[in-house]
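1. with the sequence up front, the predicted model follows.
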Amino acid sequence: EVQLVESGGGLVQAGGSLRLSCTASGFSFDDYNIGWYRQAPGKEREGVGCISNSDGYTYYVDSMKGRFTISKDNAKNTVYLQMDNLKLEDTATYYCAAAEVYPLNYNAIQFWGKGTLVTVSP
């Protein structure tokens, strides 16, 4: 069974940090690029960034550059999203996704996780 399982979400104060994890199973992790998306209440899902399966190169959506860092541990089939200096507007459910294309294209996503909620408080 193909699974992408996110973890690490929770409640954090503005200015704080969180690291989310996305652990993959049921498919060849090395063959897929992994990305992060988020969806705030009442808003459309938007991309955060992604990491290449071949060389670890990262791509970030312009509005996400500077405070978010994506990395991976191939031995653990896990991709991380480090989020620093969190702001109230970062409150959202964060999803990881897998696709064979790079950078990730929403319409080309082949697998989705179920998401993890991040709530940033004042």
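-> That came through, no problem.
2. beta partners of the residue nearest the centre of the chain?
-> The centre of the chain sits closest to Trp36, judged by C-alpha atoms, centre = their mean, with a distance of 2.5 Å. Going by DSSP bridges, Trp36 is paired in beta bridges with Gly49, Cys96.
3. do Leu11 as well
-> Under the criterion used here (DSSP bridges), Leu11 is bridged to Thr119.
4. check the gap between it and Pro41 for me.
-> 15 Å (C-beta to C-beta, to the nearest Å). Bear in mind the C-beta positions are built from the backbone N, C-alpha and C, glycine included.
5. okay, these two: which has more neighbours?
-> For the pair Leu11 and Pro41, the greater number of neighbours falls to Leu11 (12 against 7), based on other C-beta atoms under 10 Å.
6. wait, isn't the more buried one in contact with Ser121?
-> Yes: between Leu11 and Ser121 there is a contact at 6.1 Å, judged by C-beta atoms under 8 Å.
7. where along the protein do the strands fall?
-> The residue ranges that make up the strands of the chain, judged by DSSP state E, are 3-7, 10-13, 18-25, 33-39, 46-51, 58-60, 68-73, 78-83, 92-99, 111-112, 116-121.
8. JSON lines for those strands, including mean pLDDT?
-> What follows is the strands of the chain, written out as JSON lines (pLDDT from 0 to 100):
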{"stretch": "strand 3-7", "mean pLDDT": "97"}
{"stretch": "strand 10-13", "mean pLDDT": "98"}
{"stretch": "strand 18-25", "mean pLDDT": "97"}
{"stretch": "strand 33-39", "mean pLDDT": "97"}
{"stretch": "strand 46-51", "mean pLDDT": "96"}
{"stretch": "strand 58-60", "mean pLDDT": "96"}
{"stretch": "strand 68-73", "mean pLDDT": "96"}
{"stretch": "strand 78-83", "mean pLDDT": "98"}
{"stretch": "strand 92-99", "mean pLDDT": "97"}
{"stretch": "strand 111-112", "mean pLDDT": "96"}
{"stretch": "strand 116-121", "mean pLDDT": "98"}
